[in-house]
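Trainee: This is a predicted model, with the sequence first.
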Amino acid sequence: MGLSTPVLGFGDQTHRLIVVKRRGMESYSLLDAPDDTMQQGQGLWNKLSSGLFGKQKSSSSSSSVVKHEDDDKIHVFSLASGHMYERLLRIMMLSVSRQASRPVKFWLLENYLSPAFKAMAAVMSARFGFEVAYVTYKWPHWLRHQTQQQRIIWGYKILFLDVLFPLHLKKVIYVDADQVVRADIAELWDMDLQGHAYAYTPFCASREETLGFQFWRQGYWKDHLQGRPYHISALYVVDLQRFRQQTVGDQLRATYDQLSRDPNSLANLDQDLPNYTQHAVPIFSLPQEWLWCETWCSEDSKSKAKTIDLCNNPLHKEPKLDMARRVISGKLFNHSWVQLDSEIRDVATAAGLLHE
Ligand code: UDP
Ligand code: CA
């Protein structure tokens with residue numbers, strides 16, 4: 001019998017990897033900023049992604065700018081679980097594509113979508129002229145799990161943006177399923193995020209009766225934010241190049257893992273996390289009109305609203321579909337929610353698909 005080795009611990013071992021740049025490559029940046037990458041094409045990241053994922057490459061050009069068929073489209077990410085959110089998602093997709101001045105491609109999280117939704121999405125894609133692609137990702141075993149369905153969905157909304165999409169995708173706009181878009185999303189797509197990895201709209205503060213529910217205005221959150229705004233997560237623009245290069249995904253996951261040790265923390269997971277992390281990952285604040293929600297924004301500001309979210313109202317907790325029928329109607333809208341809903345139902349009926 002040989003000598004047995006004592007077990008010293010059950011934790012993972014940490015390995016520190018020391019690397020050096022090759023001779024002659026000392027002045028090259030490993031992760032160029034996106035603009036530099038486009039000009040020089042010298043960054044390792046650019047070389048890897050263009051070599052592995054680029055479809056067309058100019059053979060002689062020293063600038064080696066990679067053009068992909070998706071480059072001229074507007075990419076919208078969303079997700080839904082359950083019958084009601086699938087119904088809302090169809091309406092969101094119709095409202096976005098109808099106002100958009102450029103082709104739109106939707107990237108939907110496949111994990112929770114029903115076969116009936118996917119069949120209908122294919123019909124809508126042909127009928128309304130947008131594209132639909134599906135992305136999927138399995139929550140990694142090393143990241144703290146969530147057990148409540150709603151919190152799992154919120155996790156997928158924010159935690160895996162760096163790994164969900166193909167590398168050729170440079171930007172994506174996340175839009176909640178319960179949202180109706182009234183403006184040209186190309187305007188948001190073209191907005192200069194001034195070097196930030198992502199952009200969110202600050203919460204409205206124009207509805208007096210709900211100001212008391214804005215918990216970030218006092219106590220712990222007020223101290224933590226140090227004057228920075230608290231943003232709503234119903235819509236956000238992600239510069240995926242910067243997001244990946246600045247390893248924002250890792251920073252968000254590390255912060256999530258640390259904070260979620262306390263089950264009372266991150267009550268609004270997808271929203272609290274980027275707001276909390278603002279010191280390390282600054283948020284570009286979008287103009288207020290990009291997110292109107294009746295709970296927090298005044299009636300006066302509704303006419304300027306570019307998107308409308310049916311966000312929960314802590315005062316009367318009105319069901320979302322009732323709120324949709326009531327809020328998205330009247331002279332401000334070319335199409336009321338009821339009209340959009342019945343238009344989609346007619347398309348489903350004509351295609352022999354039933355979703356009610
Ligand atoms: N969502 C979902 N299933 C759920 C809860 C949320 O699919 O059970 C998705 C859906 O895209 C929704 C988003 O997560 O729009 C955010 O949740 P919600 O809009 O209900 O939040 P609220 O606007 O009420 O704050
Ligand atoms: Ca919402």
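Mentor: That came through, no problem. No experiment lies behind these values; they were computed from the predicted model shown. Ligands and ions are numbered 1, 2, ... in the order given.
Trainee: near ligand 1, which residues of the stretch 151-300 of the chain show up?
Mentor: Within reach of ligand 1 by Cβ under 6 Å from any ligand atom, the stretch 151-300 of the chain has these residues: 153, 176-178, 234. For the C-beta atoms, the positions are set from N, CA and C on the backbone; glycine is no exception.
Trainee: can you redo those as a markdown table with secondary structure?
Mentor: A markdown table is the format used below for those (DSSP: H, G, I helix; E, B strand; the rest coil):
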| residue | secondary structure |
| --- | --- |
| 153 | helix |
| 176 | coil |
| 177 | coil |
| 178 | coil |
| 234 | strand |
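Trainee: List only buried entries from those.
Mentor: Buried subset of these (neighbour count, 16 or more other Cβ atoms under 10 Å): 153, 176-178, 234.
Trainee: Sketch out the strands for this structure, chain order is fine.
Mentor: Along the chain, counting by DSSP state E, strands occupy 56-57, 66-67, 74-78, 104-109, 131-135, 171-175, 179-181, 198-202, 231-239, 283-285, 292-293, 307-309.
Trainee: With respect to residue 272, which of those strands lies nearest?
Mentor: strand 231-239 (8.8 Å; Cβ to Cβ).
Trainee: Considering only the residues of the stretch 151-300 of the chain next to ligand 1, which also neighbour ligand 2?
Mentor: 176, 178, 234 (Cβ under 5 Å from the ion).
Trainee: Which residue comes closest to the second one once chain neighbours are left out?
Mentor: Take residue 178 and drop its neighbours on the chain: the residue closest to it by Cβ to Cβ, 6 or more residues apart in numbering is residue 310, 4.3 Å away.
Trainee: coming back round to it: save the residues of the stretch 151-300 of the chain next to ligand 1 as TSV, and put in distance to residue 137 and pLDDT too.
Mentor: Shown next, in TSV, are those (distance: Cβ to Cβ, whole Å; pLDDT from 0 to 100):
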residue	distance to residue 137	pLDDT
153	13	97
176	19	98
177	18	98
178	22	98
234	21	98
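Trainee: Just the buried positions in stretch 280-292, please.
Mentor: Applying 16+ other Cβ under 10 Å to stretch 280-292 flags 281, 283-284, 286, 288-292 as buried.
Trainee: Among those, which pair sits farthest apart?
Mentor: 281 and 292 (25.5 Å).
Trainee: Now the residue in the stretch 151-300 of the chain that ligand 2 sits nearest to: phi and psi?
Mentor: Residue nearest to ligand 2 within the stretch 151-300 of the chain: residue 176 (3.8 Å; Cβ to the ion). The phi and psi torsions at residue 176 (degrees, to the nearest 10) take the values phi -60, psi 150.
Trainee: what residues are up against the residue nearest to it when sequence neighbours are not counted?
Mentor: Excluding its sequence neighbours, the residue lying closest to residue 176 (Cβ to Cβ, 6+ apart) is residue 234, at 4.4 Å. Listed by Cβ atoms under 8 Å, 6 or more residues apart in numbering, the contact set of residue 234 reads 175-176, 178-179, 291, 293, 307, 309, 311.
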